[in-house]
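Asker: What follows is a predicted structure for the sequence shown.
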Amino acid sequence: ETGVTQTPRHLVMGMTNKKSLKCEQHLGHNAMYWYKQSAKKPLELMFVYSLEERVENNSVPSRFSPECPNSSHLFLHLHTLQPEDSALYLCASSQAGGRVGELFFGEGSRLTVL
Amino acid sequence: AQSVSQHNHHVILSEAASLELGCNYSYGGTVNLFWYVQYPGQHLQLLLKYFSGDPLVKGIKGFEAEFIKSKFSFNLRKPSVQWSDTAEYFCAVNPTGGATNKLIFGTGTLLAVQP
């Protein structure tokens, strides 16, 4: 049990579908992150929310739309994705202003785009 | 651009062998350094971290890492590996001074320990 729960664990979608990934953290943290993990590539930071404000967007295409309604929940809305977007999407949380880099990760949502 | 290099993509060892995984980063300023581990089917978890002070840091499960500033390196070591150490290992760097906990990861090293 990591304290960071991601749903769904697996998702298959067509290029015209709209779906969402959900992340919930039970650690009392106030910063949340989306990372993309593709085979043979470094983890790519996508978005960072600190105190519910988006503080970083790493040049992510607009077909990915994050939402952070409160400090415990983070969503990644997906629309008209491409097959190359197939990857493991990891959510993480941390305490903003705390020990930098101590991220707590969820188990990920495996996305396949057909 | 800031980057992290892990030289070994796939390492195979027998139990009781010694382990050293290389990690180099490209950033001229002060950094915080980390190793994360991902066991099969599990989430990424922190193995050890360096912020300041003694450049030799000890982590969980007998792992240690040495920060060599002149070489921009933070290699991971373990004197005697076990089958349960089979996992993927990720080096990560946080350039300090930023407003967020931004971590830059390497590509990972997949370690397979044979019994």
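Answerer: All right, it came through fine.

Asker: All the strands of the chain, in order from the start?
Answerer: Reading this off chain A. Taking DSSP state E to define them, one finds strands in chain A at A:4-7, A:10-13, A:18-25, A:31-37, A:44-50, A:53-57, A:64-70, A:73-79, A:87-94, A:104-105, A:109-113.

Asker: That was the other one, I meant chain B.
Answerer: B:3-5, B:10-14, B:19-21, B:24-26, B:31-38, B:44-50, B:56-58, B:64-68, B:73-78, B:87-95, B:104-105, B:109-114.

Asker: just to revisit the earlier point, in terms of mean pLDDT, which of the strands of chain A ranks lowest?
Answerer: Across the strands of chain A, strand A:53-57 has the smallest mean pLDDT, namely a mean of 77.

Asker: For that strand, which strands pair with it and how are they oriented?
Answerer: strand A:44-50 (antiparallel) (DSSP bridges).

Asker: got the angle between the partner strand and strand A:31-37?
Answerer: Angle of strand A:44-50 versus strand A:31-37, following axes from the mean of the first three to the mean of the last three C-alpha atoms, to 10 degrees, is 170 degrees.

Asker: List the contacts of strand A:44-50.
Answerer: A:30-38, A:54-58, A:60, A:64, A:66, A:68, A:74, A:76, A:96, B:99-104 (C-beta atoms under 8 Å, 6 or more residues apart in numbering or on different chains). Any C-beta I mention is one placed from the backbone N, CA and C, and that applies to glycine too.

Asker: still on that earlier bit, out of the strands of chain B, flag the one nearest A:Phe105.
Answerer: Distance to A:Phe105, taken as C-beta to C-beta, is lowest for strand B:44-50 among the strands of chain B, at 4.1 Å.

Asker: and that closest one with chain A, contact?
Answerer: Yes - using C-beta under 8 Å from any C-beta of the partner chain, strand B:44-50 reaches chain A at B:Leu44, B:Gln45, B:Leu46, B:Lys49.

Asker: Buried among those? Make that a PyMOL selection.
Answerer: With 16 or more other C-beta atoms under 10 Å in any protein chain shown as the criterion, this PyMOL line picks the buried residues out of the residues of strand B:44-50 next to chain A:
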select buried, chain B and resi 44+46+49
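
Asker: List just the nearest of the residues of strand B:44-50 next to chain A to chain A.
Answerer: Nearest to chain A among the residues of strand B:44-50 next to chain A is B:Leu44, at 4.1 Å by C-beta to the nearest C-beta.

Asker: For B:Tyr39, which residues are in contact?
Answerer: Contacts for B:Tyr39 were tallied using C-beta under 8 Å, 6+ apart; they are B:Thr86, B:Ala87.

Asker: Look up how far chain A lies from it.
Answerer: 11 Å (C-beta to the nearest C-beta, to the nearest Å).

Asker: and residue 63, how many residues sit next to it?
Answerer: Picking chain A for this. 14 (other C-beta atoms under 10 Å in any protein chain shown).

Asker: that's the wrong chain, I wanted chain B
Answerer: 21.

Asker: partner residues bridging the closest residue in space to it that isn't next to it in sequence?
Answerer: Spatial nearest neighbour of B:Phe63, chain neighbours left out: B:Lys78 (5.1 Å); criterion: C-beta to C-beta, 6 or more residues apart in numbering or on different chains. Beta-bridge pairing of B:Lys78 under DSSP bridges involves B:Leu19.
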